[in-house]
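Engineer: Model the following, please.
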Amino acid sequence: MSIFTNRLNISFNIDAIKQDFVLIRLERQQNGKWYGARELDYLISKDFNASAVMFQYSKYAYAMFKKPLKVYELPSKIRKEFKDDAVIEVTPKAILASSEDCICEEWLAQILLNSLSSSRSRFAKYHYSNLTGSLLLVRDFEGKNKDYIDVAKIALKKGYLLEIKTARHRTKISILTELKNTVDNKRKHELKNVLDKPNYIFEASTASLRRHLPRDGEMDAKTIYIECGLKGKKASTPFLDFGSIDNFYKSSAGVYHHIMVSIHEHLSKYMDVSFYCREIDDNLPLTSTLLKSPKQLHSKLDGQAIHIVDKVNDEESADLVMTLKQLLLPYITDEKLITIGKRDKKDSLNFRIIHDADFYEKTGQEDEYLPSTDEFRRQHLTLESSRNVTDAIVKTIIKEQLIKRDIGSRTLNLFDWAKLELKGVWTFAAWDEDRNHVIFMEIQPNGNFEFYEIEDRGIFNWEKFDKYKDAMIDSNSGDKSRTLEGLVISDTDDINQIFRSDEITIPELSKIEAIINEVETEFPENKRSGNDLAALIQEFMTDSSRKDNEELVRFCDDLQLLGSNELGKKSFNKLLNERLGKNSNISSELRNYLLNKHHIRLIFSKQKENIEDLFDASLNIKYFGETEKEAYYFVGDQNVKDYSFKDACHLRKIVAVNDSKLIFRQLLQTMDVDFVRTGQSTVIPFPFKYIREYKNFGVAK
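Structural biologist: Okay, here's the model as predicted:
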């Protein structure tokens, strides 16, 4: 079993690159003046068409020019604006092996990638270059100008990690309009700064953004795009959507696929590129269903008192109280366990209805928010954000309360710790970013636990922290390691670090694309009419010995009534579902028959075998790459919901500190829980959720 990731295997053909391109390096800081993107646009586009420019990495900018051209003229013309040694020709190299002036490894691959959005037109008047310094792909322009577009920014990071980030770009007129209408001085300042950013034009031929250059002349502010977000709205793109081919291409996974196809089509002469493949050592299916039905929670809430506290006390809050009570009833065994009042109760799960922070700030009233304590479990619902409280919201706040109840009692009730069969005390350590100290959680074999806080003052004299501080601090900066998510310490004092990486898993994108296209391809020409399709059903009835099946007979009669009229797949599917049932065995058999016998694919099957083949890189817990000191894992989804995956699966790296052994594999089951993220498994062991909640606890009040 193996999976692909966004780490790339790249093999360069340096001779071909040298044969076709000239590469120039420019030092951007000269004579006290910073030369940035605009200056490079002017210098490089004035007399030459650069295939691509790259300047996101350092004080240097690199430009790549397609031969033939007079190589000696290029640096000399650009040097008129720079000093002599600031503009030199560099040699492409696969690996940096000396101090030679060159462009190599990720930088060389990036500038080749950037050239993908340069014009490939046969006509000179349509030529343009990618002078953005990046590869900016537009996946959803729909052939018309919009107030904003979400752009995929493509970058190669260290270790050949291919990264896609979504950056929102708005029309200049949209930004100017907001600037004119806003009364927020801080926002005005932000928008004025935005207007100084580079201007872009959408180029339909390569579905990308290119820089607006002086030679383009004055452009309509409705067609100029500038990177700028909408206030209060975050740009986001689902990782994978396979509901339709359009949705697939607009998703991040579709962009990954597009890039790889484009590389093979346009850059294969210069570099051979493929996704890195990792072998899986352990696969743990996700089975936890604690929050999926009321019955699952009954045993956890059996006999538990619930108290609703209305601190707003108006008609709207009274309605919310009654709605909340009704939504809580399915999860308890006795309605009398739910009470309503004005003050919190000890040993109850207190659901407090309050206003949001803005309300209290504007009115000058005392904020009614109170943290949980060991005696009082509190969960707050703000009136402003809970007007449409749903069953999903109630499930979430119940599980949050149950976690707080565990913390108050210092006993794990949501997870059977004993099933791990661990010996002695295991410790989890996490950094409290807000207070710059460490919180430890020590768990006994029976599931009892305790917290210890190591304050910043005098920490280096505190024996316990001193023992683990080196494993949590970046040796270069002296600060907490940026990507460290926590420490795990076994009973034998083996210490494992958990690091979040930018490496993500990649499903079988080519297969997924092919299946979607097959689903969206209409019936063959000789199998589109009602009579033709009825003949296929009759054939299926004969081959499957179902001639007397009443549902199939009625389905066949319906099709024959259409005669020579043609049906599309959507209409056929709708009729099939009505007559045979969408999820019936006979429907499944018919679809498989049409696919296997006539190569007609009606749906994207979500049968277990198909899903595991296509999406194994996004499902369950996978553990792999284990050596004596390092290992990797990721946590995916339990199954495929709808036809999409909202997020990519990030690899976590486990490192055994100093002389420690790898112990993390024994903790894989601690991520097969659905009470950390409602309806989803947690990506690091659940005790870290308990630590996060504990740090928000207050003193008794």
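Engineer: quick one: contacts for Phe415?
Structural biologist: By C-beta atoms under 8 Å, 6 or more residues apart in numbering, the residues touching Phe415 are Gly447, Thr670, Val673, Phe686. Quick note: C-beta positions are derived from backbone N, CA and C, even for glycine.
Engineer: what's the span of stretch 513-527, first residue to last?
Structural biologist: Taking C-alpha to C-alpha, to the nearest Å, stretch 513-527 runs 24 Å from one end to the other.
Engineer: From the contacts of Phe415, which shows the smallest pLDDT?
Structural biologist: In terms of pLDDT, the lowest of those is Val673, showing 92.
Engineer: any idea which helix or strand carries it?
Structural biologist: For Val673, there is no enclosing helix or strand under DSSP states H and E.
Engineer: Partner strands of whichever helix or strand Asp502 is part of, with direction?
Structural biologist: Assessed by DSSP H and E, Asp502 sits inside strand 495-506. Strand 495-506 pairs in its sheet with strand 2-12 (antiparallel), strand 484-489 (antiparallel), strand 650-656 (antiparallel), by DSSP bridges.
Engineer: could I get the ones you listed as a markdown table with distance to Gly679, mean pLDDT and mean neighbour count?
Structural biologist: Shown next, in a markdown table, are the strands paired with strand 495-506 (distance: least, C-beta to C-beta, whole Å; pLDDT from 0 to 100; neighbours: other C-beta atoms under 10 Å):
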| stretch | distance to Gly679 | mean pLDDT | mean neighbour count |
| --- | --- | --- | --- |
| strand 2-12 | 23 | 97 | 18 |
| strand 484-489 | 22 | 94 | 20 |
| strand 650-656 | 19 | 97 | 19 |
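Engineer: May I see these organised as CSV, with distance to Pro507 added?
Structural biologist: Converted to CSV, these look like this (distance: least, C-beta to C-beta, whole Å):
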stretch, distance to Pro507
strand 2-12, 8
strand 484-489, 24
strand 650-656, 14
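Engineer: Of all these, which one comes closest to Glu550?
Structural biologist: strand 2-12 (46.1 Å; C-beta to C-beta).
Engineer: next SSE after the closest one?
Structural biologist: That would be, after strand 2-12 and using DSSP H and E, helix 14-20.
Engineer: Please work out the average pLDDT along that following helix.
Structural biologist: 95.
Engineer: got it, and stretch 249-265?
Structural biologist: Mean predicted confidence for stretch 249-265 is 95.
Engineer: Can you tell me what sits against it?
Structural biologist: Counting by C-beta under 8 Å, 6+ apart, 6, 113, 116, 135, 137, 139-140, 152, 154, 162, 164, 166, 237-241, 247-248, 271, 273-275, 506-507, 509-510, 512-513, 644-645, 648 sit against stretch 249-265.
Engineer: ok, and the helix or strand in this protein with the lowest average confidence?
Structural biologist: Sorting the helices and strands of the chain by mean pLDDT, DSSP states H and E puts strand 33-34 at the bottom, at a mean of 50.
Engineer: rewinding a little: and the contacts of Phe415, which two are furthest apart?
Structural biologist: Gly447 and Val673 (13.6 Å).
Engineer: And these two? Which one has more around it.
Structural biologist: Val673 (21 against 17; other C-beta atoms under 10 Å).
Engineer: Do I have it right that the more buried one meets Thr682?
Structural biologist: Yes: contact criterion C-beta atoms under 8 Å: Val673 and Thr682 qualify, at 6.0 Å.
Engineer: Quick check: longest helix in this structure by residues?
Structural biologist: When the chain is parsed with DSSP state H, its longest helix is helix 391-409.
Engineer: Tell me the buried residues in it?
Structural biologist: 393-408 (16 or more other C-beta atoms under 10 Å).
Engineer: likewise stretch 419-430?
Structural biologist: For stretch 419-430, the neighbour count (16+ other C-beta under 10 Å) marks Leu420, Leu422, Trp426, Thr427, Phe428, Ala429, Ala430 as buried.
Engineer: Identify those among those residues that sit within strands.
Structural biologist: Counting by DSSP state E, the part of these found in strands is Trp426, Thr427, Phe428, Ala429, Ala430.
Engineer: which of the residues you listed lies closest to Leu286?
Structural biologist: Relative to Leu286, the closest of these is Phe428; by C-beta to C-beta it sits at 20.9 Å.
Engineer: Can you tell me which of the contacts of stretch 249-265 are buried?
Structural biologist: 6, 113, 116, 135, 137, 139, 152, 154, 162, 164, 237-241, 247-248, 271, 273, 275, 506-507, 509, 512-513, 644-645, 648.
Engineer: helix/strand/coil for the residue lying farthest from the centre of the chain?
Structural biologist: Centroid-distance maximum for the chain: Asp548 at 50.6 Å, with C-alpha atoms, centre = their mean. Put simply, Asp548 is coil when judged by DSSP: H, G, I helix; E, B strand; the rest coil.
Engineer: Quick check: phi and psi at it.
Structural biologist: Note on Asp548: backbone dihedrals following degrees, to the nearest 10 are phi -100, psi 10.
Engineer: And it, how far from Lys597?
Structural biologist: With distances taken as C-beta to C-beta, to the nearest Å, Asp548 is found 21 Å from Lys597.
Engineer: residues in contact with Lys231?
Structural biologist: Per C-beta under 8 Å, 6+ apart, neighbours of Lys231: Glu178, Arg187.
Engineer: pLDDT at it, what is it?
Structural biologist: pLDDT at Lys231 comes out at 85.
Engineer: quick one, phi/psi of it?
Structural biologist: Torsion angles, degrees, to the nearest 10, at Lys231: phi -60, psi 130.
Engineer: rewinding a little: just the contacts of Phe415 now: which is nearest Lys622?
Structural biologist: Nearest to Lys622 among these, with distances taken as C-beta to C-beta, is Thr670, at 15.4 Å.
Engineer: Chain neighbours aside, what residue packs nearest to the closest one?
Structural biologist: Nearest non-adjacent residue to Thr670, counting by C-beta to C-beta, 6 or more residues apart in numbering: Pro685, 4.0 Å away.
Engineer: Tell me the secondary structure of that neighbour, please.
Structural biologist: Strictly by three-state DSSP, Pro685 counts as coil.
Engineer: Begin at 12 from now on, thanks
Structural biologist: Let's use 12 as the start, then, which means that last one is Pro696.
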